[in-house]
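Student: Dropping the sequence and predicted coords here.
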Amino acid sequence: MNIKNCFYKVRNHLSAMQDHCAKIVIGACCEAWLNAEAFVALNWMDGKVTSLRHHVLLEHKKKDLTVKRKCGVISHIIEVKVLRGDLPPAKIKHERLLRLRSQIDAATSATSRSGLIFAIWKSNDTPNRMKFFSTMRQLVREVFPKSHYATLHDYYFEGIVRGTSVSFNGNDYEVHLRALYVTQRRHPSRSRHCGITV
């Protein structure tokens, strides 16, 4: 399974519904919705990443997204984390990113693990938009060094929702949602067959 292809499938799916997406992500509990939309994008959208040999499960055995082969082997686990502009950077690092690193580091020779990281900023958040995304990029770089992890575009988050305006509860918000993926650098001996059932 190619995590880069999965990432772009999810990003494109969410980008196609920017107005709806912006309304969801201003809420405090949008991570479950992002998981569900990733599940849809990876299983059923045109040009889907999965095939007749694979399918993606949602919240299987407390894992956000699980890629399972038809033969029963779990080949890949994707964990989703949301970084919000209204949280202090230290809390984001310790409660989100270091937790994600421990999940990714639990990869085995049979099951690889990756993370999808979504960063959400809205106009009433304390740091300005550029500072927030710059800080998130720096935190991801610190927690996931290039020597052990792969990501895209030198840790720059790719835009999904780009300044969509949302009116809610008498206030107007400008909403930005960006994302990137992280994964362990591929081990040359990683198994790709169905010799082990799960």
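Tutor: Nice, I can see it.
Student: Name the residues of the strand ranked longest in the chain that come out as buried.
Tutor: Longest strand in the chain, counting residues (DSSP state E): strand 171-184. By neighbour count on 16 or more other Cβ atoms under 10 Å, the buried set for strand 171-184 is Y173, E174, V175, H176, L177, R178, A179, L180, Y181, V182, T183, Q184. All C-beta spots, glycine's among them, are computed from the backbone N, C-alpha and C.
Student: Go ahead and measure how far that strand is from the middle of the chain.
Tutor: Centroid separation for strand 171-184 versus its chain: 10 Å, with Cα atoms, centre = their mean, to the nearest Å.
Student: export it as CSV, just CAs?
Tutor: The C-alpha trace of strand 171-184 is given here as CSV (Å, rounded to 0.1, in the frame of the first residue of the first chain):
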residue,chain,number,x,y,z
ASN,A,171,-19.4,35.2,14.4
ASP,A,172,-17.6,34.9,11.0
TYR,A,173,-14.5,32.7,10.8
GLU,A,174,-11.9,32.2,8.2
VAL,A,175,-11.0,28.5,8.2
HIS,A,176,-7.8,26.8,7.0
LEU,A,177,-7.2,23.0,7.0
ARG,A,178,-3.9,21.6,5.9
ALA,A,179,-2.5,18.1,6.1
LEU,A,180,0.6,15.9,5.6
TYR,A,181,1.5,12.2,6.2
VAL,A,182,4.4,10.6,8.1
THR,A,183,5.6,7.1,7.9
GLN,A,184,8.7,5.1,8.9
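Student: I'd like the distance between the spatially most distant residue from the centre of the chain and T126.
Tutor: The outermost residue of the chain, judged against the average C-alpha position, is G170 (30.9 Å), by Cα atoms, centre = their mean. Using Cβ to Cβ, to the nearest Å, one obtains 20 Å as the distance from G170 to T126.
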